[in-house]
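Student: Build me a model:
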Amino acid sequence: MIKPKLYVFDIDGTLLNTDYQILPSTKEAMSLLNGGELSAPIMLASARSPRAIDPICAELDLAPFYVSLNGALIVREGRVLYDRPMEAEAAQRIMEIGREAALSVNVYSNFDWFVEEADPWSAHEGKMVGWQAEVVDFQAVRSVHKILLMGEQEEIAKAQRKIGQDVPSVSAQFSIPNYLEIVDKRASKGHALEIVSELLAVDSSSIVAFGDGENDLAMLQTAGFSIAMGNAHPSLKKAADFVTGSNDEDGILQAVQRILAAGGVKR
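Tutor: You can find the predicted model right below:
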């Protein structure tokens, strides 16, 4: 039996329920992991930007240490420890594909979020994360860490295929069916977790990771022990060591209680 040395949680669809709220049972789970013989550092890993992750850390009373923008940034106490922006030409082509498909094109650069014009998709995202994008000319953005395309599922799927054909240097994955998250191919939650394990001198075999989206797969494959939410993408359920309840059904607490009852985890 292995005692966990690091717990890693995705946010949307995992720590948050479908109403983007943190369940009381999830807060209870975090308290259980913060005390007792199986306590260990807790880190968040999300497609969200730092400004949309910091409030989640505060609500859970966690130190602000997280993987952001699908692995393109690692941030600790407001300081960027690692970043992997896209190639400039790749970013421009993705923006073109998004515009041609009439999708909502959202550009993330370090701690900032930009759009060229406000639209209902970006407005909804802003309401969800608690702040709104800045309207700018994308030509003025120097460094692009992530592009988020939002729209109807059929159009998003077409854009994913087009990006795969035209821009091989990036990875385009769904976080939820209407959100296509694009980062440099060398950036992923899995690669970021490898970097974090080196920074903390923690072997990957003692890392426990929770997730639900397609973009969490590399992270779950990197961690020594992986848990998929009941609402997870089928690929995660297939890859995970076990599947817990959904993000609306106390899934986090169920999994934490199972780990504590077992006295740790094992492959």
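Student: rest of the way, CA atoms for contacts and neighbours
Tutor: Noted.
Student: who touches the helix or strand of the chain with the lowest mean pLDDT?
Tutor: Within the chain, no helix or strand scores below strand 170-176, which has a mean of 90 by mean pLDDT, DSSP states H and E. Residues outside strand 170-176 that contact it (C-alpha atoms under 8 Å, 6 or more residues apart in numbering): 47, 86, 90, 160, 163-164, 180-186, 213-215.
Student: Tell me which strands that strand pairs with, and in which orientation.
Tutor: Take DSSP bridges as the rule and strand 170-176 pairs in its sheet with strand 179-184 (antiparallel).
Student: Go through the following helix or strand past the partner strand and flag the buried ones.
Tutor: On the C-terminal side of strand 179-184, the closest following helix or strand by DSSP states H and E is helix 189-200. Neighbour counts over helix 189-200 (16 or more other C-alpha atoms under 10 Å) mark Lys189, Gly190, His191, Ala192, Leu193, Glu194, Val196, Ser197 as buried.
Student: Stretch 6-25 too?
Tutor: 6-17, 22-23.
Student: domains of this structure?
Tutor: 6-80+187-262, 88-184 (automatic domain parsing).
Student: which among the buried residues of helix 189-200 gets closest to Trp121?
Tutor: Lys189 (24.5 Å; C-alpha to C-alpha).
Student: Return the distance of that closest one relative to Ser109.
Tutor: 17 Å (C-alpha to C-alpha, to the nearest Å).
Student: For the stretch 1-150 of the chain, just list every one of the strands.
Tutor: Counting by DSSP state E, counting those that start in this stretch, the stretch 1-150 of the chain has strands at residues 6-9, 42-45, 65-68, 73-76, 79-83, 104-109, 112-115, 134-135, 146-150.
Student: Let's have these in CSV, adding distance to Gly98 and mean pLDDT.
Tutor: As requested, the strands of the stretch 1-150 of the chain are arranged in CSV below (distance: least, C-alpha to C-alpha, whole Å; pLDDT from 0 to 100):
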stretch, distance to Gly98, mean pLDDT
strand 6-9, 29, 98
strand 42-45, 25, 97
strand 65-68, 22, 96
strand 73-76, 23, 96
strand 79-83, 24, 95
strand 104-109, 6, 97
strand 112-115, 12, 96
strand 134-135, 16, 95
strand 146-150, 7, 97
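Student: for Ser226, phi and psi?
Tutor: Main-chain torsions, Ser226, degrees, to the nearest 10: phi -130, psi 140.
Student: The one 5 residues further on too?
Tutor: Note on Asn231: its backbone torsions stand at phi -100, psi 10 [degrees, to the nearest 10].
Student: if we can go back for a sec, hey, which of the domains of the chain is tucked in deepest?
Tutor: domain 6-80+187-262 (a mean of 20; mean count of other C-alpha atoms under 10 Å).
Student: Let's see the distance spanning that domain from one end to the other.
Tutor: Terminal residues of domain 6-80+187-262 are spaced 17 Å apart (C-alpha to C-alpha).
Student: any idea how far that domain is from the chain center?
Tutor: 9 Å (C-alpha atoms, centre = their mean, to the nearest Å).
Student: do stretch 74-82 as well
Tutor: On C-alpha atoms, centre = their mean, the centre of stretch 74-82 falls 15 Å from that of its chain.
Student: pull the CA atoms of that stretch into CSV?
Tutor: Only the C-alpha atoms of stretch 74-82 are listed here, as CSV (Å, rounded to 0.1, in the frame of the first residue of the first chain):
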residue,chain,number,x,y,z
ILE,A,74,2.6,26.2,-13.4
VAL,A,75,2.0,28.8,-10.8
ARG,A,76,2.9,28.9,-7.1
GLU,A,77,2.0,31.8,-4.8
GLY,A,78,1.5,34.1,-7.9
ARG,A,79,4.8,33.2,-9.4
VAL,A,80,5.1,31.4,-12.8
LEU,A,81,7.4,28.4,-12.3
TYR,A,82,7.0,27.1,-15.8
